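> need a structure here:
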Amino acid sequence: MVTVNMHDAKTRLSSLVESLELGQESEFILARNGEPVAKLVPFTLPKRIGAARHILAGLDIPKTVEAFNAGDPDVSEDFESSASKPIIP
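Numbering: from 1, shown residues only. Coordinates of the predicted model:
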C-alpha cells in the first residue's frame, strides 16, 4: 500500500493507473495534508455469468411451458381462457 499526496496524484495519475493495470501495485492511498482521504484500486467487472445458477439450483423449476402449466391447473385454464378472448385496448 503506497500513500500518495493529492498534488502528486494529480500530476502522476496516468502512471499510477498504469501501475495498477500492470499489477505492480494493488492500491494507492490518496492523502490530503498527510491524512488518507481516498483509495485508488483497479476496476474489476462484476461476474454475471451463472450468477443466479446457485440461487435457483435448489428450486424445482419446470423446464418447459407444458411442465409449468401442468403444475397449477388454474394457470393453464387462465391462459386458455384469455387466448379465446379478443384483445381490447
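> what bits of the chain have low per-residue confidence?
Counting by pLDDT under 70, the chain shows low-confidence ranges at 48-56, 69, 76, 89.
> quick one, longest helix in it?
As assigned by DSSP state H, the longest helix anywhere in the chain is helix 73-84.
> assign a three-state SS to Val37, would you?
For Val37, the assignment made with DSSP: H, G, I helix; E, B strand; the rest coil gives strand.
> if you could redo that for Glu66, that was the one I meant.
What three-state DSSP gives for Glu66 is helix.
> distance check, it against Leu59.
Remark: distance between Glu66 and Leu59 (Cβ to Cβ, to the nearest Å) = 18 Å. Using the backbone N, CA and C atoms, a C-beta is placed for each residue, glycine as well.
> so which of those two has more stuff around it?
Glu66 (10 against 6; other Cβ atoms under 10 Å).
> ok, now how distant is the more buried one from Val75?
11 Å.
> for Leu45, same thing?
Taking Cβ to Cβ as the criterion, Leu45 is separated from Val75 by 38 Å.
> who's more crowded, those two?
Taking other Cβ under 10 Å, Leu45 and Val75 do not tie; Val75 has more neighbours (12 against 5).
> and the gap between Val4 and Ile87?
On the measure of Cβ to Cβ, Val4 and Ile87 end up 64 Å apart.
> looking at these two now, which is surrounded by more residues?
Counting neighbours by other Cβ under 10 Å for Val4 and for Ile87 shows that Val4 has the greater number, 17 against 5.
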